[in-house]
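Engineer: Give me a model of this one.
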Amino acid sequence: MNILIVYPHNNALNPRAGVDTRTWNLVSILLKNEHEVTILHSISARGDEDKVLKNKCNVYYYKDLFLFGISDWYFTDFNPFFMLKLAKISRKHEIDIIIIEFPWGFFTTKMLSKKNSLLLFDSAGVESEFMEITTQHPKFPKVLKPFINFYARLYEKLVCKLADVIVNVSNIDRYYYIKNYKINRNKTIIIQTPSSISLDGVKPSEDLKRKCRKKLSLPENKAIVIFHGGLPHPPNQEAFDLIKNYIAPNIQNPDLLFVLAGNNLEEYQKDNIISLGFVKKLKDLLFSADFAIVPIISGSGMRVKCADYINTGVPFVTTDKGIEGIDFLESGVDYLSYKNVDEEFINGINLLLSNKNLIQQFHENLLKKSSKIDKNKFENRFNKLFQKLNFK
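Structural biologist: Reported below is the predicted structural model:
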């Protein structure tokens, strides 16, 4: 089949965030199964990966307008450069399935695509919920705030109505669409985002932990508690701020060190926190850890960082919001979960810090259940979906 991926966000070929990882995994399995793949994304996101993949798939770019000082991806439908490139693709390629990774640009894509092309909306989360958080950012244009939430909700609702297939990452998102947008349940399917980490047969061990800490210049004699996430994603920014301003100051144990990492994160060291900035090999960070925390208090979809922790057997303390979308784990048996980032959350960190047996229990249980969210399951689910669509 000939498949077009429309990606009006960062770089689908340079996975440095959870949603980028999802798209990258999707591109990989499509190429593996010998589909013809065409990708359309912003030229501002172009990277070295594009040069490599141009030999395997068709890569097109359009110019961002950067309206109001920000990327215009919310208004992709009105971008003439996007329209021109999409029209060129439609003329040049016989596209069977169009996968839109965000709702933005859907209507222009539908208008310019051929009638027999199926439109698949691969939703990484409820965009209207995410927009409510985004508008709280101090740099968000004030001129857009009065109407952008209504615009996002209406836009997403229409996309869900007009898409031929909707792929959700969690039951929570799927139920939201069905209840609030009155979507037919039969045209939705759940495919969770897998971990961004490939273990390649490597097993976590104390020796590996020491080696990875040495690579990252981290102390061997401290309990390392990690959190990673890309910026400027608002839920991740909230989490980093909570760690810096509330969690770390309230942990009095001198043997504990919080280690933070993420794309666009500043590097610094202060008291019991080390911020590494972007870590090229995420495995080094994960294998360095004694456990992780996920102090996420807003957002939608599922957190790929949790899939990373599960896949590598890193125990974690999370909020209920942080573990949303992952329903095969049990709090108290596989991890610790709390409603808010508060005194109980702090107590959970101290509990793991003082209980090596519990850490080991969580580690073993997570590794046993990691196959429930690995790349093989992701690939099998999408392959079955494409086979089904191919016979329509």
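Engineer: Just give the nearest non-adjacent residue to Ile273, would you?
Structural biologist: Once flanking residues are discounted, Ile273 sits nearest to Phe258: 4.7 Å by C-beta to C-beta, 6 or more residues apart in numbering. Every C-beta, even on glycine, is put in place using the N, C-alpha and C of the backbone.
Engineer: shaky segments in the stretch 201-350 of the chain?
Structural biologist: Counting by pLDDT under 70, the stretch 201-350 of the chain has no low-confidence residues at all.
Engineer: What segments of it are helices?
Structural biologist: For the stretch 201-350 of the chain, the helices defined by DSSP state H, counting those that start in this stretch occupy 206-215, 234-242, 282-288, 304-312, 343-354.
Engineer: returning to that earlier point: give the contact list for the residue nearest to Ile273.
Structural biologist: Phe258 is in contact with Val225, Ile226, Phe227, Ile243, Ile247, Ala248, Ile251, Asn272, Ile273, Ile274, Ile293, counting by C-beta atoms under 8 Å, 6 or more residues apart in numbering.
Engineer: If we use 7 Å, what do you get?
Structural biologist: Contacts for Phe258 (C-beta atoms under 7 Å, 6 or more residues apart in numbering) come out as Val225, Ile243, Ala248, Asn272, Ile273.
Engineer: now Asn250
Structural biologist: Going by C-beta under 7 Å, 6+ apart, Asn250 touches Ile346.
Engineer: Can you tell me the SS state at Leu40?
Structural biologist: Put simply, Leu40 is strand when judged by DSSP: H, G, I helix; E, B strand; the rest coil.
Engineer: Next one, pLDDT for it please.
Structural biologist: Looking at Leu40, its pLDDT reads 92.
Engineer: Identify the residues contacting it.
Structural biologist: Going by C-beta under 7 Å, 6+ apart, the list of residues near Leu40 reads Leu4, Val6, Tyr7, Tyr60, Tyr62, Lys85, Leu86, Ile89.
Engineer: Redo the helices of the stretch 201-350 of the chain as a markdown table? Include distance to Glu132 and mean neighbour count.
Structural biologist: Listed next are those as a markdown table, based on distance: least, C-beta to C-beta, whole Å; neighbours: other C-beta atoms under 10 Å:
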| stretch | distance to Glu132 | mean neighbour count |
| --- | --- | --- |
| helix 206-215 | 38 | 14 |
| helix 234-242 | 10 | 20 |
| helix 282-288 | 29 | 23 |
| helix 304-312 | 21 | 26 |
| helix 343-354 | 23 | 16 |
